[in-house]
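Trainee: one predicted model, sequence on top.
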Amino acid sequence: MSHNLLRRLGQSLLVLWAAFTLSFVLLQVLPGDAVLIKFQNPDLGLSPAQIADMRIAYGADSPIWKQYFHTLAAMLQGDFGYSLQAGIAVSTLLASNLPDTLSLAIPAFILAIALAFSLAFASRLPGLRWLSNTLQSLPVLFISLPTFWLGIALIQLFSFQLRWIPVINPGPLQGLILPIIAVAVPISAPLAQILMRSMVEARAITRFVRLSPRKARLVADLVRGKSALEALDILDFTNKKAARIIKKTLASAVANATNNFKMDEDKLVVSTIMINDGPALKRIMPRAMGRADIIRKPTAHIVVAVSEK
């Protein structure tokens, strides 16, 4: 568990570093000089010497590599520099806009969770198969909607057609309603898909299997996305140790689907199959002259989920 957590943390830090580096490179290759564009305006009346001092103050005269490492070190310390547009520290600018951002983001996230749970539970209503299929297609529709188009549609519907929310000079709460909906709808789509998938999937888990996760993943790739019956046949004729164990886990998932969720066995597909790393068992191999070698025997956790087509 701690190993997986550290690996995820390392991957997150790597992604953040890559995003920072890519942003820095893109800003450097853009034509023009931000400092010169800002301060060479004749209306400001700055002399060339003053402009040169401004470049030194912003660090624009330093070599590219020095600017990169200086900016990276400052970012790690929470120093985001100064805004050329506003003329104040970026951290101060972020802090001043944080309350407005939270007043929009928190209600939007709460609405997105409520909408996702509503779609997920409504899609499993008994006796309403057509409604279930319709609701299960809505998350895909929500994801594909551009946010700006959704905002325009909401203004057209609620402001111009229904006249519920004024466009000009709305109240403090009225001005938040449509932005909250516009932000919440795209967020609710992936949440609803995850909830729907977890509600309609039948799972089986085999833990602490004495098996190499790398070798097991090679077998898992053979049956991922295939029908459950076909996957069982493939595993039955695969001459690997992992195939026998994965087949037992898959058969257990199929039994859970047919007995507990009343699913049709002929329509089941392997929707999810994951091979996670388990703890490594340590063994000692005695050697000559009182020495010993440590042997690590890997284990794996096998997760198989099936769902109807």
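Mentor: Yep, that arrived. Residues are numbered from 1 along each chain as shown.

Trainee: what about the nearest residue in space to Met75 that is not next to it in sequence, neighbour count?
Mentor: Excluding the flanking residues, the one nearest Met75 by CB to CB, 6 or more residues apart in numbering is Phe20, at 6.8 Å. All C-beta atoms are positioned from the backbone trio N, CA, C, and that covers glycine. The tally of other residues near Phe20 (other CB atoms under 10 Å) stands at 15.

Trainee: helix/strand/coil for Arg163?
Mentor: coil (DSSP: H, G, I helix; E, B strand; the rest coil).

Trainee: picking up where we left off before, pretty sure the residue nearest to Met75 contacts Ala73?
Mentor: No. If you go by CB atoms under 8 Å, Phe20 and Ala73 don't touch, sitting 11.7 Å apart.

Trainee: mind checking how far Asp236 is from Lys215?
Mentor: 18 Å (CB to CB, to the nearest Å).

Trainee: who has more neighbours out of the two?
Mentor: With neighbours defined as other CB under 10 Å, Asp236 and Lys215 compare such that Lys215 has more, 15 against 10.

Trainee: can you confirm the more buried one is in a helix?
Mentor: Yes. Assignment of Lys215 by three-state DSSP places it within a helix.

Trainee: so it touches Ile245, yeah?
Mentor: No. At 10.9 Å, Lys215 does not count as touching Ile245 under the criterion of CB under 8 Å.

Trainee: packing partners of the host helix or strand of Ala19?
Mentor: Using DSSP states H and E, the element containing Ala19 is helix 2-29. With contacts taken as 3 or more CB pairs under 8 Å, 6 or more residues apart in numbering; DSSP states H and E, helix 2-29 sits against helix 64-76, strand 268-277.

Trainee: again, only this time at 7 Å
Mentor: Applying 3 or more CB pairs under 7 Å, 6 or more residues apart in numbering; DSSP states H and E, we find helix 2-29 packed against helix 64-76.
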